[in-house]
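> Here is my input; please provide its structure:
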Amino acid sequence: MDIAKGEPQPMQINTSDEISRGRYSNTMLVGHGPEEFIIDWLLQSHNGTHLVSRIVVTPGHMKRIVKALEENLFKYEQNFGEIRMVEPPTTMVQ
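Numbering: from 1, shown residues only. Purely as a prediction, here's the structure:
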């Protein structure tokens, strides 16, 4: 693969088993300032709302994230059909 041609390069990612399993989130909050975006992944359950993970990224990286999500959502729907939206609960996060 040729970096100069913009081809993807293989990447080795080292992680622990706990991180590899991932976390489930059914709600998120996004906030921003002039230098960063803050994404809080939350789990709303009968025990209350819990912070699962917080990710802080630069505005430029946020734009790349949004583009990657849009591209992958398009590919998903091409393969599996349109995703039907369900209205989220109207409860406020506390």
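
> use CA for all of it now, contacts and neighbours both
Fine.

> Could you pull up the residues touching the nearest residue to E35 once chain neighbours are set aside?
Distances taken as Cα to Cα, 6 or more residues apart in numbering put T58 closest to E35, at 6.2 Å, once the chain neighbours are dropped. Contacts for T58 (Cα atoms under 8 Å, 6 or more residues apart in numbering) come out as 35-37.

> Buried among those residues? Make that a PyMOL selection.
The following PyMOL line selects those of the contacts of T58 that are buried, judged by 16 or more other Cα atoms under 10 Å:
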select buried, resi 37
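
> Mind putting the contacts of T58 into CSV with pLDDT and distance to Q44?
Output for the contacts of T58, formatted as CSV (pLDDT from 0 to 100; distance: Cα to Cα, whole Å):
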residue, pLDDT, distance to Q44
E35, 97, 29
E36, 98, 25
F37, 98, 22
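
> Go through the contacts of T58 and say which is closest to N79.
Nearest to N79 out of the contacts of T58 is F37 (Cα to Cα; 31.0 Å).
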